[in-house]
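S.K.: any chance you can model this:
(one chain, ligands or ions: 1)
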Amino acid sequence: MAGKMSVIDIAEALIACPSVTPATGLVFDCLEGMLAPLGFTCHRFVEGEAPDGPVENMFAIRKGPAGTPHFAFAGHLDVVPPGDGWTSAPFAPERRGSGKAELLYGRGAVDMKGSIAAMVAAVADIPSEAGTLSFIITGDEEGPARYGTIALMDRMRELGEIPDLCLVGEPTSVNRLGDMMKIGRRGSLSVWLAVEGVQGHVAYPHLADNPCPKLVAMLAELDGLVLDEGTDWFQPSNLEITDIDVGNPTTNIIPAAARARVSIRFNDLHTGDGLVAMVTQIAQKHGGTARGIVSGEPFLTSPGAFSQVIASAVEAETGIVPEASTSGGTSDARFLKDFCPVIEFGLNNATMHKRDEAVATADLAALVRIYRRIAEAALATQAT
Ligand SMILES: [Zn+2]
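M.R.: I've put the predicted structure just below:
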């Protein structure tokens, strides 16, 4: 079936299945219905409970001859809520414009059902003798990712199917298709800071213990930190104060407690735990406490054979060489890096998460050709 479907047909079918995060059911039925006829065995399972679940995940694999390499495409079928003000219904795909200016509108058009459609259309033309191909598809990327790619990776370990290379199809292009790939991402963590004091009357400060000056001194020291100067591939790590909260409506009370929150985006010179320990030490020095949550460690796939495969494929189809970037937020590549080298490449990200999200249908067609080249070259590269 999918062999006869165009990438636009596939993208429209996926967009027509509402799948606000966390996603289950229909949209996975739709994808399985296209991959199974191409020879893929689809392992589907549902994890978790409300509010972060239930989440559906699918690992689909078509094995090549014994001993051939394994190339994986990874992505997500969940989407962010559409919000209001769309020109056409967000889950009723609609094409407007013509020729090179034709756009396909719908929630997920670029992030990232359009990209998954391009993966499906790309593998339809690759013979199974070329090697093992798989799809690592979660319904929980836009949410907390508790029951998503981590659970998928556990299932793949149980099955003994670990890829040699992995491409994540997040929308990485900025101004035109092909101008950027992501070879890494910074890590991310948040720290909740608190100073407990003793409440009292401002006229009798000796009877109270004001937490505010301690918190101010703590934040000043944290804000003044130089975490590093950056690396060849990463910008400097950065700490931002994101919240200061004393919650004191009066003018004559010394408050009992003061709280703040900082967010750190960090490169591969640090680990999340190491940074939490450092912030905790500073907090304690100023009489406070710290509680950190690491939402992602950094990853880097150093420029080399795999990034060259992607750059060559992109250049062959678009005429431009993608910049190798580590900018932006986190992605599921932060988990997949534990399996194998992983790089992200996909559509233009200008309309992602916005109303009237849209993809140029010409870009979809080009992305099919790029993904096919990448998969074929990755299988050939690993085979030698
Ligand atoms: Zn995405």
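
S.K.: spell out which parts of the stretch 101-250 of the chain neighbour the ion.
M.R.: Contact residues (Cβ under 5 Å from the ion) of the stretch 101-250 of the chain with the ion: Asp111, Met112, Glu170. Where C-beta positions appear, they are placed from N, C-alpha and C, glycine not excepted.

S.K.: if you set the cut-off to 8 Å instead, what comes out?
M.R.: In this structure, the stretch 101-250 of the chain approaches the ion at residues Asp111, Met112, Glu141, Glu142, Glu170, Pro171, judged by Cβ under 8 Å from the ion.

S.K.: among those residues, name the least confidently predicted one.
M.R.: The lowest pLDDT within those belongs to Glu142, with 88.

S.K.: hang on, that one in a helix?
M.R.: No - read with DSSP: H, G, I helix; E, B strand; the rest coil, Glu142 is coil and lies in no helix.

S.K.: what residue in the stretch 151-300 of the chain comes nearest to the ion?
M.R.: Going by Cβ to the ion, the ion is nearest to Glu170 of the stretch 151-300 of the chain, at 4.9 Å.

S.K.: nearest spatial neighbour of that residue, skipping sequence neighbours?
M.R.: Leaving aside its chain neighbours, Glu170 sits nearest to Glu344 (4.8 Å; criterion: Cβ to Cβ, 6 or more residues apart in numbering).

S.K.: what count of nearby residues applies to the one you found?
M.R.: 27 (other Cβ atoms under 10 Å).

S.K.: got it, and Pro65?
M.R.: Counted with other Cβ under 10 Å, residues neighbouring Pro65 total 10.

S.K.: how close does it sit to the ion?
M.R.: Distance of Pro65 to the ion, given as Cβ to the ion, to the nearest Å: 33 Å.

S.K.: which SS class is that residue?
M.R.: coil.

S.K.: quick check: phi and psi at the residue nearest to it when sequence neighbours are not counted.
M.R.: Sequence neighbours aside, Glu129 is the residue nearest to Pro65 in space, at 6.1 Å (criterion: Cβ to Cβ, 6+ apart). Main-chain dihedrals, Glu129, degrees, to the nearest 10: phi -60, psi -20.

S.K.: now do Ala380
M.R.: Phi and psi for Ala380, reported as degrees, to the nearest 10, are phi -70, psi -40.

S.K.: run a quick neighbour tally on it.
M.R.: Ala380 has 14 nearby residues by other Cβ under 10 Å.

S.K.: quick one: pLDDT of it?
M.R.: Value for Ala380, per-residue pLDDT: 92.

S.K.: against Ala305, how distant is it?
M.R.: Separation of Ala380 from Ala305 (Cβ to Cβ, to the nearest Å): 11 Å.

S.K.: same check on Met352?
M.R.: Met352 is 29 Å from Ala305, by Cβ to Cβ.

S.K.: between the two, point out the one with more neighbours.
M.R.: Between Met352 and Ala305, counting by other Cβ under 10 Å, Met352 is the more crowded of the two (19 against 12).

S.K.: and for Arg146, the neighbour number?
M.R.: Using other Cβ under 10 Å, Arg146 has 14 other residues around it.

S.K.: same check on Gly160?
M.R.: Using other Cβ under 10 Å, Gly160 has 6 neighbouring residues.
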